[in-house]
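K.L.:
Okay, predicted coordinates and the sequence, questions at the end:
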Amino acid sequence: MILDNKATQIDDLLDKMAEEVQLDASRYDRMVSSYESVKKWIDEDSKFFQPYNYDVYPHGSVRILTTVKPIATSEFDLDITIQLKHDTPHTPQRIYSELKRRLEESDLYAPKVELKNRCIRLNYAGDYHMDILPGIQENAFDINRIKVPDRELGQWVSSNPRGYANWFLEKANLVRESILEKAVRAENLPADKFRYKKPLQRAVQLIKRFRDIYFQKDDTYKTSSIILTTIAGQFYLGEDSIFNTVDNIISTIRLKVNEPFGRLKVLNPVNQEEDFTDKWDNEPEYYEAFKKFASHLYDDWQKLKKENGIIDEGNILKGLFGDEIFRKAQTRQSLLVEEFRKDKTLGTSRATGILTSAASIGAAAVKSNTFYGK
Amino acid sequence: MKVSKIINRNKTIAEQVSAMRCKYPQFTTDFTSHHSLKVKGTLKPTARSDVYTFVLKLNLTDAPKLKIISPELQKNSKGEDAPHLYPGEYLCLYQPKYCEFERTDYLCDTIIPWISMWLYYYEVWQLTDTWLGGGEHPKKS
């Protein structure tokens, strides 16, 4: 039972809060079906794409399962790559303009098209947008590395979105079984729910959510998701709980930013020449904002380690991640207790009074009751 | 005498006291007269909860009376009083008309686990402003 253990009790709440902020299933299904139809539309293009061998796949947070609903706008990002084979005899610019041409031939997509620096965006107003990144596989040896057009630079640049996703997922899978998986398994409940959401993924969702709340009033120097996701992946050591994962990530950030020389650098794990934080050199305000943000999270996380009682603790969590999602998560946790109660499997520990499974050692079964009175 | 008859007869104060002392030795359980007792102890409903001190009094002529003496029960963020309390801040743990607690029951097997549950739902009510433990309210007269 999750409530009789300090670590699982808070992890269950953190897990449920992350679930509240992530992409919901119905929107996910809508996104997948529009992704499928865009893919079909491109497949049917006899003028350019049809004869070539290419691959269409999602990347970004949808692929690595770290989505977070934005607070102000409600639009999600879906990042898609169209990757043509290595020996395709065209420039990336040509691929970009052919993609643009093909999308604009459709009455459905034409009004949604917005040209971005490296990708073409389809705006599904009020719901989500799909960023389609066209690229050519850079060499024959690495199936993930692609060259993509950079319209501002007027040349192609190297990119590796699928390699990045693989790197992140490998990190997330450093842990074999999380404490929630163990707890659920001990109750003989299916643990499938947690299989694809490892502590690292939950931690990234929560850190991004706190970032959105922290920078809600003034987002001029907001830290980007790619920086936070990469830092989290780099500092993660395979902790088996969400709480300790966040704790280790922010403690390591604190250590690194307090080193006497230089600043924290966040290099692209699949391309060490790319520093995601190169902007921090010319505009140190970004770095300062990041440091303050990280230190706020660090301080609150240290408070959660103390014996506060769940009421004070709840108020800290509300401040970090938002009142509404905390209430929803807490309510869902309580409904679980209700189920134990209905099944007559709820007990309390005779030593402490803590709610637990009636079958555990030293527990008194809770008899049916009806709370009465004003 | 048949075993079922022993189980089903009303419990005496001595039986209540010895059962409580046996199952919850950490509580202070005392006779306050020939027909009444008092239990004082601490409980916390979840691993991360506060520790609450309660006092339980039973007089054979009356229903058990239960009060949280520390920490003091608080209003929620909307300024409302906690639900399921009788006047005098006694916890309403069961519906008398459903006979969920009778004089044939031991306090230690019924009332004590219900206090933990009440405290759990009280803490959740503090956090969500909603009482999620179900229950009934007396009709307003």
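P.N.:
In hand now; what should we look at?
K.L.:
which residues in chain B form strands?
P.N.:
Assigned by DSSP state E, chain B shows strands spanning B:28-33, B:36-43, B:52-59, B:65-70, B:85-86, B:90-91.
K.L.:
winner for burial among those strands?
P.N.:
Using mean count of other C-beta atoms under 10 Å in any protein chain shown, the stretch among the strands of chain B with the largest mean neighbour count is strand B:90-91, at a mean of 21. Backbone N, C-alpha and C define where each C-beta goes, glycine included.
K.L.:
Alpha carbons of the longest helix anywhere in chain B, as CSV, please.
P.N.:
Ranked by residue count and defined by DSSP state H, the top helix of chain B is helix B:111-128. Presented in CSV, the C-alpha positions along helix B:111-128 are these (Å, rounded to 0.1, in the frame of the first residue of the first chain):
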residue,chain,number,x,y,z
ILE,B,111,-13.2,2.9,16.7
ILE,B,112,-9.4,3.0,16.7
PRO,B,113,-9.0,2.1,13.0
TRP,B,114,-11.8,4.5,12.2
ILE,B,115,-9.9,7.3,13.8
SER,B,116,-7.0,6.8,11.4
MET,B,117,-9.4,6.9,8.5
TRP,B,118,-11.1,10.0,9.8
LEU,B,119,-7.7,11.7,10.2
TYR,B,120,-6.7,10.6,6.7
TYR,B,121,-9.8,12.2,5.1
TYR,B,122,-9.4,15.2,7.3
GLU,B,123,-5.9,15.8,5.9
VAL,B,124,-7.1,15.3,2.4
TRP,B,125,-10.0,17.7,3.1
GLN,B,126,-7.4,20.3,4.2
LEU,B,127,-5.5,19.8,0.9
THR,B,128,-8.5,19.6,-1.5
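K.L.:
what angle sits between that helix and strand B:36-43?
P.N.:
For helix B:111-128 against strand B:36-43, the angle by axes from the mean of the first three to the mean of the last three C-alpha atoms, to 10 degrees is 50 degrees.
K.L.:
Give me the residues contacting stretch A:130-140.
P.N.:
A:31, A:34-35, A:38, A:59-60, A:77-88, A:90, A:92, A:95-96, A:99, A:103, A:116, A:118-122, A:124, A:143, A:145-149, A:158-159, A:161 (C-beta atoms under 8 Å, 6 or more residues apart in numbering or on different chains).
K.L.:
can you give me how far stretch B:19-26 is from the chain middle?
P.N.:
Distance, stretch centre to chain centre, for stretch B:19-26: 15 Å (C-alpha atoms, centre = their mean, to the nearest Å).
K.L.:
If you could redo that for stretch A:31-44, that was the one I meant.
P.N.:
24 Å.
K.L.:
Give the buried residues for it.
P.N.:
For stretch A:31-44, a neighbour-count test (16 or more other C-beta atoms under 10 Å in any protein chain shown) marks A:31, A:34-35, A:38, A:41-42 as buried.
K.L.:
tell me the contacts of the residue nearest to residue B:127 when sequence neighbours are not counted?
P.N.:
Nearest non-adjacent residue to residue B:127, counting by C-beta to C-beta, 6 or more residues apart in numbering or on different chains: residue A:314, 4.1 Å away. Residue A:314 makes contacts with A:326, A:330, B:126-127, as judged by C-beta under 8 Å, 6+ apart.
K.L.:
just residue A:283 next, same as before
P.N.:
residue A:221.
K.L.:
Kindly provide the distance from it to residue A:277.
P.N.:
Here residue A:283 is placed at a distance of 10 Å from residue A:277 (C-beta to C-beta, to the nearest Å).
K.L.:
before we move on, what about residue A:311?
P.N.:
39 Å.
K.L.:
do the same with residue A:200
P.N.:
Going from residue A:200 to residue A:277 by C-beta to C-beta gives 20 Å.
K.L.:
Residue A:256 contacts residue A:265, doesn't it?
P.N.:
No. Look at residue A:256 against residue A:265 with C-beta atoms under 8 Å: they stay out of range, at 9.0 Å.
K.L.:
Show me which of those two is the more surrounded one.
P.N.:
Between residue A:256 and residue A:265, counted using other C-beta atoms under 10 Å in any protein chain shown, the more crowded position is residue A:256 (17 against 12).
K.L.:
and residue A:365, what is it in contact with?
P.N.:
By C-beta under 8 Å, 6+ apart, the contact set of residue A:365 is A:344, A:346-347, A:358, B:113.
K.L.:
In space, what's closest to residue B:50 - neighbours in sequence excluded?
P.N.:
Nearest residue to residue B:50, sequence neighbours excluded (C-beta to C-beta, 6+ apart): residue A:309, at 3.6 Å.
K.L.:
swap in residue B:89?
P.N.:
Excluding its sequence neighbours, the residue lying closest to residue B:89 (C-beta to C-beta, 6+ apart) is residue B:67, at 5.9 Å.
K.L.:
By mean pLDDT, which helix or strand of chain B comes out lowest?
P.N.:
helix B:3-8 (a mean of 65; mean pLDDT, DSSP states H and E).
K.L.:
now the longest helix of chain B against strand B:52-59, angle please.
P.N.:
140 degrees.
K.L.:
what's near enough to touch the residue nearest to residue B:50?
P.N.:
By C-beta under 8 Å, 6+ apart, the neighbours of residue A:309 are B:48-50, B:123.
K.L.:
low pLDDT regions in chain B?
P.N.:
B:1-7, B:140-141 (pLDDT under 70).
K.L.:
Can you list the low-confidence ranges for chain A?
P.N.:
Along chain A, segments meeting pLDDT under 70 span A:73-74, A:189-196.
K.L.:
residue closest to the middle of it?
P.N.:
Nearest to the mean C-alpha position of chain A, counting by C-alpha atoms, centre = their mean, stands residue A:66 at 1.5 Å.
K.L.:
So the closest residue to it other than its chain neighbours: helix, strand or coil?
P.N.:
Nearest non-adjacent residue to residue A:66, counting by C-beta to C-beta, 6+ apart: residue A:204, 4.4 Å away. Of the three states, residue A:204 takes helix according to DSSP: H, G, I helix; E, B strand; the rest coil.
K.L.:
residues in contact with residue A:204?
P.N.:
Residues in contact with residue A:204, defined by C-beta under 8 Å, 6+ apart, are A:66, A:228-229, A:232-233.
K.L.:
And the strands in the stretch 51-200 of chain A?
P.N.:
A:54-59, A:76-84, A:113-115, A:120-124, A:128-137, A:146-150, A:155-159 (DSSP state E, counting those that start in this stretch).
K.L.:
For residue A:7, which of these is the nearest?
P.N.:
Closest to residue A:7 of the strands of the stretch 51-200 of chain A, according to C-beta to C-beta: strand A:76-84, at 31.5 Å.
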